[in-house]
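**Q** sequence unavailable; structure follows:
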């Protein structure tokens with residue numbers, strides 16, 4: 001389900017867009033108006049082994065059904081936005097080798113979806129789409145520049161500078177999780193196995209769990225000591241909420257690693273706003289652990305940055321949750337449509 005309020009066709013602002021966010025287990029689709037309001041939402045299973053052609057056929061059918069249910073003629077949809085995991089060739093509309101979609105490699109996904117749905121499609125990396133969603137109608141809506149970090153199994157990201165999404169020459173722009181924060185030859189490897197010393201290797205949920213297991217195996221004292229082989233970032237959060245000091249220390253270390261990466265990106269881009277999204281937010285703004293996590297990032301960033309840059313930079317949690325992807329995909333479709341007029 002979406003957490004966005006559903007508006008009626010009569011109360012919506014045309015033109016209309018469809019946003020499609022492809023994930024490992026589900027594909028989220030939203031029918032969105034020109035203000036970023038949602039008229040309809042549906043989630044369908046990805047069914048990765050069946051391949052991308054099958055998924056795009058089912059996504060097209062689901063999108064058409066959304067329009068029927070909302071009372072919006074398909075002819076009123078100006079453009080569709082599609083976000084998929086990398087790697088990609090965005091100009092060619094090609095999926096190249098998405099790590100968690102082994103049956104989806106080297107596939108012309110944009111052409112396939114356009115043939116199925118009969119509407120022009122704008123294409124984006126899924127994390128870039130999420131960044132654009134937060135920028136358009138979320139935490140970044142009053143800003144012209146923004147960095148989003150998505151904290152989950154890996155560390156994704158997206159960058160908007162002066163209202164323009166950074167895509168890059170190799171369709172790799174905004175991959176913030178792959179900046180190097182540890183240059184040592186024995187630095188950790190990130191989740192996809194090829195990035196030594198990358199931010200993702202230290203601050204993703206996968207990395208948090210691995211660091212925790214290593215410390216527990218080495219004798220760290222914690223309420224989680226009996227879970228040394230199975231501890232997860234979620235369990236660390238739960239233990240920290242229950243007062244486990246070691247779990248809070250793991251969260252603080254994660255905040256410090258993130259602050260190193262954030263400082264590097266801010267000194268390069270100076271966006272004024274850094275937004276933290278994804279599932280691993282340790283409870284977010286509504287949790288004392290989440291607030292401490294954010295405060296620790298701010299403190300560590302403050303210790304590394306120039307005073308006037310630190311004072312002019314806001315770091316806060318994302319507000320759209322898992323809705324950011326489909327909203328951002330729709331927003332990118334809207335932006336490309338406007339650019340072509």
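**A** Done, it's in. Values in this document were obtained by computation on a predicted structure and should not be read as measured data. Numbering: from 1, shown residues only.
**Q** stretch 277-284: which residues count as buried?
**A** Using 16 or more other C-beta atoms under 10 Å as the test for burial, stretch 277-284 gives 277, 278, 280, 281, 282, 283, 284. Where C-beta positions appear, they are placed from N, C-alpha and C, glycine not excepted.
**Q** same question for stretch 149-164.
**A** 149, 150, 151, 152, 153, 154, 155, 156, 157, 158, 159, 160.
**Q** out of the residues you listed, which is nearest to residue 329?
**A** residue 158 (11.9 Å; C-beta to C-beta).
**Q** would you check that the closest one makes contact with residue 136?
**A** No: Residue 158 is beyond contact range of residue 136, at 11.7 Å (criterion: C-beta atoms under 8 Å).
**Q** returning to what we had before: now for the buried residues of stretch 277-284: which two are most distant?
**A** The most widely separated members of those, counting by C-beta to C-beta, are 277 and 283 (13.9 Å).
**Q** all strands for the stretch 151-300 of the chain, in order.
**A** Ranges of strands in the stretch 151-300 of the chain, per DSSP state E, counting those that start in this stretch, are 155-161, 164-165, 273-277.
**Q** ok, the first one: who's next to it in the sheet?
**A** Here strand 155-161 has these sheet partners by DSSP bridges: strand 146-151 (antiparallel), strand 164-165 (antiparallel).
**Q** residues in contact with it?
**A** 125-132, 135, 140, 144-150, 165-166, 173-177, 190, 199-200, 203-204, 265, 269, 271, 278 (C-beta atoms under 8 Å, 6 or more residues apart in numbering).
**Q** buried only: go through the residues you listed for me.
**A** Buried by 16+ other C-beta under 10 Å: 125-132, 135, 140, 145-150, 165-166, 173-177, 190, 199-200, 203-204, 265, 269, 271, 278, out of the contacts of strand 155-161.
**Q** just those: which are in helices?
**A** 126, 127, 128, 129, 130, 131, 132, 135, 200, 203, 265, 269 (DSSP state H).
**Q** from those residues, pick the one nearest residue 243.
**A** Nearest to residue 243 among those, with distances taken as C-beta to C-beta, is residue 203, at 23.6 Å.
**Q** I'd say that closest one and residue 259 touch.
**A** No: between residue 203 and residue 259 no contact is recorded; they are 9.5 Å apart, counting by C-beta under 8 Å.
**Q** could you dump the buried residues of stretch 149-164 into CSV with pLDDT added?
**A** Putting the buried residues of stretch 149-164 into CSV (pLDDT from 0 to 100) gives the following:
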residue, pLDDT
149, 98
150, 95
151, 96
152, 93
153, 90
154, 91
155, 94
156, 92
157, 94
158, 97
159, 98
160, 98
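**Q** between the strands of the stretch 151-300 of the chain, which one is nearest to residue 328?
**A** Among the strands of the stretch 151-300 of the chain, the nearest to residue 328 by C-beta to C-beta is strand 155-161 (8.1 Å).
**Q** just the angle between the closest one and strand 273-277, please?
**A** Taking axes from the mean of the first three to the mean of the last three C-alpha atoms, to 10 degrees, one finds strand 155-161 and strand 273-277 inclined to each other by 150 degrees.
**Q** chain neighbours aside, what residue packs nearest to residue 322?
**A** Of all residues beyond its chain neighbours, the one nearest residue 322 is residue 28 (7.1 Å), with distances taken as C-beta to C-beta, 6 or more residues apart in numbering.
**Q** quick one: residues contacting residue 106.
**A** Contacts of residue 106 (C-beta under 8 Å, 6+ apart): 94, 95, 96, 97.
**Q** what's the farthest-apart pair in these?
**A** 94 and 97 (10.2 Å).
**Q** those two: who's more crowded?
**A** Using other C-beta atoms under 10 Å, the more surrounded residue of residue 94 and residue 97 is residue 94, with 18 against 14.
**Q** surely that one touches residue 104?
**A** No: if you go by C-beta under 8 Å, residue 94 and residue 104 don't touch, sitting 10.7 Å apart.
**Q** got a list of what the nearest residue to residue 318 once chain neighbours are set aside touches?
**A** Nearest residue to residue 318 in three dimensions, chain neighbours excluded: residue 277, at 3.4 Å (C-beta to C-beta, 6+ apart). By C-beta under 8 Å, 6+ apart, the contact list for residue 277 reads 130, 134, 148, 149, 150, 151, 317, 318, 320, 321, 324.
**Q** tell me the bridge partners for residue 277.
**A** Applying DSSP bridges to residue 277, the residues it is bridged with are residue 150.
**Q** quick check: it vs residue 88, distance?
**A** Separation of residue 277 from residue 88 (C-beta to C-beta, to the nearest Å): 20 Å.
**Q** again with residue 100
**A** Distance from residue 100 to residue 88, by C-beta to C-beta: 14 Å.
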